[in-house]
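> Let me see the structure of the following:
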Amino acid sequence: MEVSGKRRDPDLDKGSADATVYCQPCEEEGKCAVAQRFCQTCEEYMCDPCSKAHKRFKVTRNHIMLSKDKMPSFYPSTKQSDIGLTEYCRTHPKEVIKFYCPTHSDLCCGDCVVIGHRTCKIDYITDVSKDFTNGREFRELEPSIKRAEDLLSGCISKVKELFDEVEHQSKDEIDRLRKFRAEINTYLDRREKELLGNIQKMKTDDESLLTELKTDCELAKCGLVATRTELTSGDVSDNQRYVEARRAQKELRKIQDKMEKMAGRMKTRKYRFVKDADTEGLLGSKMGLGTLDVSGEFVPVPDLSTVTWKQEADIPVRTS
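Sure thing, here's the model as predicted:
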């Protein structure tokens, strides 16, 4: 693993939290002492005596001091305050981002470098940042981002058009479906009315026939009752009784003829409602009323086929 522009730290390759780090205040005085604490505020490693002295002074008394088991395993000798604030690593929240791996396009802390980029050529941000921010790649970045923003703004505008299209299409198709359903309801109501009318006519005709038959029977019966009364009356002479008897015989023959005719009329029509096979089949169909026919696509989005992506910045640049 190589870090461009920075002297190789022999402890970095160990990849362990036990890598030896030394007290920085002591080093500035030409002494060598193993660090036991790390002041996160000053960003310095300290031995026990220095850390105790650090806590005695009012100006540094409230500084955040990390114990040896919690202090960073590696920290560049240049202070954060000297290179400007970057940010803490997302993978190792206690470590600050100090490196960049061009091979993987990864921003790294010391732990990231040891764990995942041993064989990579690593840029030390402090050494390369000034040349990068003054170079062509950085100057092209803002216009490229602006072009990407314009493309995305166009996409957003087209997506809004698609939202409108989806809303209108949904409304139109719902209206068509409900209109068709209303037509079906109208048709079914009409057919129901026709069938109910037919049933009512059957009932009315049969009731009229039975009423007429009943009336004929009652009239014939009344005539027979009157005839029988005359025949059994004691105030009637034999001659008159003879006349009534002959009249009754003739009337009986007429009534017998009527009754034979009545026997042919003594009936009604038998009927039943028969379901329409097509309509009944519709009830069992999973596609009743209709289906949705997806015949195409509405695609008003910008043509991105003429856009390429710059590898170093991962931003779109139109080729024509």
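> Would you mind pulling up the elements that the helix or strand hosting Arg191 packs against?
Per DSSP states H and E, Arg191 falls inside helix 136-232. When contacts are defined as 3 or more C-beta pairs under 8 Å, 6 or more residues apart in numbering; DSSP states H and E, helix 136-232 sits against helix 238-265, strand 307-310, strand 315-318. All C-beta atoms are positioned from the backbone trio N, CA, C, and that covers glycine.
> One more pass at 6 Å, please.
When contacts are defined as 3 or more C-beta pairs under 6 Å, 6 or more residues apart in numbering; DSSP states H and E, helix 136-232 packs onto helix 238-265, strand 315-318.
> Tyr100 belongs to a helix?
No. Counting by DSSP: H, G, I helix; E, B strand; the rest coil, Tyr100 is not found in a helix; it is strand.
> Give me the phi and psi for the closest residue to it other than its chain neighbours.
Leaving aside its chain neighbours, Tyr100 sits nearest to Asp123 (4.5 Å; criterion: C-beta to C-beta, 6 or more residues apart in numbering). With angles defined as degrees, to the nearest 10, Asp123 sits at phi -90, psi 130.
> where's Asp123 relative to Ile97, distance?
According to C-beta to C-beta, to the nearest Å, Asp123 and Ile97 sit 12 Å apart.
> Show me how this protein divides into domains.
Under the assignment automatic domain parsing, the domains of the chain span 2-138, 139-285+294-310.
> could these be laid out in JSON lines, adding mean neighbour count and mean pLDDT?
Formatted as JSON lines, these follow (neighbours: other C-beta atoms under 10 Å; pLDDT from 0 to 100):
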{"stretch": "domain 2-138", "mean neighbour count": "15", "mean pLDDT": "79"}
{"stretch": "domain 139-285+294-310", "mean neighbour count": "11", "mean pLDDT": "85"}
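> can you tell me which residues contact the nearest residue to Cys108 once chain neighbours are set aside?
In this structure, Cys108 finds its nearest non-sequential neighbour in Phe99, 4.3 Å apart by C-beta to C-beta, 6+ apart. Listed by C-beta atoms under 6 Å, 6 or more residues apart in numbering, the contact set of Phe99 reads 108, 113, 122, 124.
> Nearest to Tyr242, out of the residues you listed: which one, please.
Nearest to Tyr242 among the contacts of Phe99: Cys108, at 142.2 Å, using C-beta to C-beta.
> now the helix holding Arg191, how far from the chain's geometric center?
30 Å (C-alpha atoms, centre = their mean, to the nearest Å).
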